[in-house]
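1. all I have is the shape, not the residue letters:
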């Protein structure tokens, strides 16, 4: 059986007799350390002295936010002790930086906690981010979601040096056909994106996780950008001249392959 491991911020039970019943109280780990004899010990909030890891049992593992708060509290306590002040010369600077870093750390913590949730899909883990960043109204705005999806697709194609002159031909080709079923079209987007990533040497799952972690760290900047768009400070697609579904300019059209759904429709 592996040795128990605890971290600052964890919630634990204390067992006065190792291997025996606990006291029924729940303590939060304030800090941990390795003693001179190599034994690992923890200091508990509201309990005097330290206790061996062997005398503790886990109630709930701390979230990254809990661990940061516990670490910050420990730093405050140590900095107030004159005998240890010399070891924390940067404390005042840390206090100034703490407020600026709090949102970044909280975002990283939420992303880490989300990524560690077993069995939860990326879509399910995007939901709390959208609600945190924009709220339920933006989440429910289908036109807004469509604008952002189209923008990201075009940015992806642009990053892969895709010829923009092909876009108008494909838009005309798609909108000249009957509407598809949303669920089937989402499936087509997923499969086609996977194939695109294979062609470009990209890992669609890894890049999705990386982006979700990144956007948790810049919610405030994203909110500001969203607010400036709504205030008309920066242009948005809807303010551009209306796009008319007219045939592409004369000349040879680029060869456009059919997607799997259209292949099947034409049987």
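-> Arrived safely, thanks for sending. Note that the coordinates shown come from a computational prediction; the quantities given were computed from them, not determined experimentally.

2. in which helix or strand does residue 149 reside?
-> Per DSSP states H and E, residue 149 falls inside helix 142-159.

3. pLDDT averaged over that helix, what's the number?
-> Average pLDDT, helix 142-159: 92.

4. quick one: the helices in the chain?
-> 64-80, 91-115, 122-133, 136-140, 142-159, 165-175, 182-200, 204-216, 219-230, 260-266 (DSSP state H).

5. tell me what the fourth one is packed against?
-> It refers to helix 136-140. Here helix 136-140 touches helix 122-133, going by 3 or more Cβ pairs under 8 Å, 6 or more residues apart in numbering; DSSP states H and E. All C-beta spots, glycine's among them, are computed from the backbone N, C-alpha and C.

6. before we move on, the earlier item: could you tell me the angle between the helix holding residue 149 and helix 182-200?
-> 20 degrees (axes from the mean of the first three to the mean of the last three Cα atoms, to 10 degrees).

7. quick one: buried residues of helix 142-159?
-> residue 144 (16 or more other Cβ atoms under 10 Å).

8. next, the angle from it to helix 165-175.
-> Angle, helix 142-159 to helix 165-175, by the same axes, to 10 degrees: 140 degrees.

9. and residue 4, how far from residue 152?
-> Distance, residue 4 to residue 152, using Cβ to Cβ, to the nearest Å: 45 Å.

10. how about residue 121?
-> In terms of Cβ to Cβ, residue 121 sits 19 Å off from residue 152.

11. show me where pLDDT drops low in this protein?
-> In the predicted model of the chain, residues 1-3, 64-119, 228-267 satisfy pLDDT under 70.

12. so it: which segments form each domain?
-> Per the record, the chain has its domains at 11-80, 122-266, by automatic domain parsing.

13. ranking the ones you listed by burial, who's on top?
-> domain 11-80 (a mean of 15; mean count of other Cβ atoms under 10 Å).

14. ok, and the closest non-adjacent residue to residue 34?
-> residue 40 (5.4 Å; Cβ to Cβ, 6 or more residues apart in numbering).

15. OK, contacts around the one you found?
-> 3, 32, 33, 34, 52, 53 (Cβ atoms under 8 Å, 6 or more residues apart in numbering).

16. please report how far it lies from residue 19.
-> Distance, residue 40 to residue 19, using Cβ to Cβ: 17 Å.

17. repeat for residue 138
-> 54 Å.

18. kindly report the same for residue 154.
-> Applying Cβ to Cβ, the value for residue 154 to residue 19 is 63 Å.

19. same question for residue 226.
-> Residue 226 is 56 Å from residue 19, by Cβ to Cβ.

20. next: residue 171.
-> Distance from residue 171 to residue 19, by Cβ to Cβ: 70 Å.

21. and stretch 37-46, end to end?
-> Using Cα to Cα, to the nearest Å, the end-to-end distance of stretch 37-46 comes out at 25 Å.

22. residues in contact with the closest residue to residue 23 other than its chain neighbours?
-> The spatial neighbour of residue 23 that comes closest, neighbours along the chain excluded (Cβ to Cβ, 6+ apart), is residue 14 at 5.5 Å. Counting by Cβ under 8 Å, 6+ apart, residue 14 touches 22, 23, 25, 27, 44, 47, 51, 55, 56.

23. would a markdown table of those residues with distance to residue 219 be doable?
-> What follows is those, written out as a markdown table (distance: Cβ to Cβ, whole Å):
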| residue | distance to residue 219 |
| --- | --- |
| 22 | 40 |
| 23 | 41 |
| 25 | 37 |
| 27 | 33 |
| 44 | 34 |
| 47 | 37 |
| 51 | 39 |
| 55 | 41 |
| 56 | 36 |
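
24. can you flag which of those belong to strands?
-> When the contacts of residue 14 are checked against strands (DSSP state E), the matches are 27, 44, 51, 56.
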